[in-house]
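# sequence plus the predicted model coming up.
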Amino acid sequence: MPVGVILSDQEGGRIWFRLPHAEEEIEGVSLPAAMPYLDMARVQIEAWARHGTLPYACESLPPLSAEWWGQVRRLMQWRVRLDPALPIDCHAPEAELELLYGALVRPLLVVSGAMGQLEAAAPTAAAD
């Protein structure tokens, strides 16, 4: 079950992560329980990319290459797992990251507080 999206640019050495925000829910996932693991995975992946080395790699792998992501995927097998890397032609990663996240993760927006009460009451008032 996808809970986040990672985009990377090997040539530019950049990684973009889109993980759930506090106002989102993902069906079947306890985000309060999952977020510490997702954050640790993000920090670890960023550190591996920054240092340019991966544990248990048989050879030096170019950071953010398909082979590098394959090794990261093999390392991430417990609480956080990665799907195989897919090549995507992105021209504006920051903007396209949100579109990918919405399409793949399909988060539910949680409305709370006074605004949520107003929005919840609106259909009832309109029906009267």
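Structure's in. What do you need? Numbering: from 1, shown residues only.
# show me what the helix ranked longest in the chain is in contact with.
For the chain, the helix reaching the highest residue count under DSSP state H is reported as helix 31-51. Helix 31-51 is contacted by residues 3-4, 6, 8, 13, 15, 17, 19-20, 24-25, 54, 63-64, 72, 76, 79-80 when judged by C-beta atoms under 8 Å, 6 or more residues apart in numbering. Glycine gets a C-beta too; all of them are placed from N, C-alpha and C.
# same thing but at 7 Å, please
3-4, 15, 17, 19-20, 25, 54, 63-64, 72, 76, 79-80 (C-beta atoms under 7 Å, 6 or more residues apart in numbering).
# residue 89 in helix, strand or coil?
coil (DSSP: H, G, I helix; E, B strand; the rest coil).
# next up, the contacts around it.
Per C-beta under 7 Å, 6+ apart, neighbours of residue 89: none.
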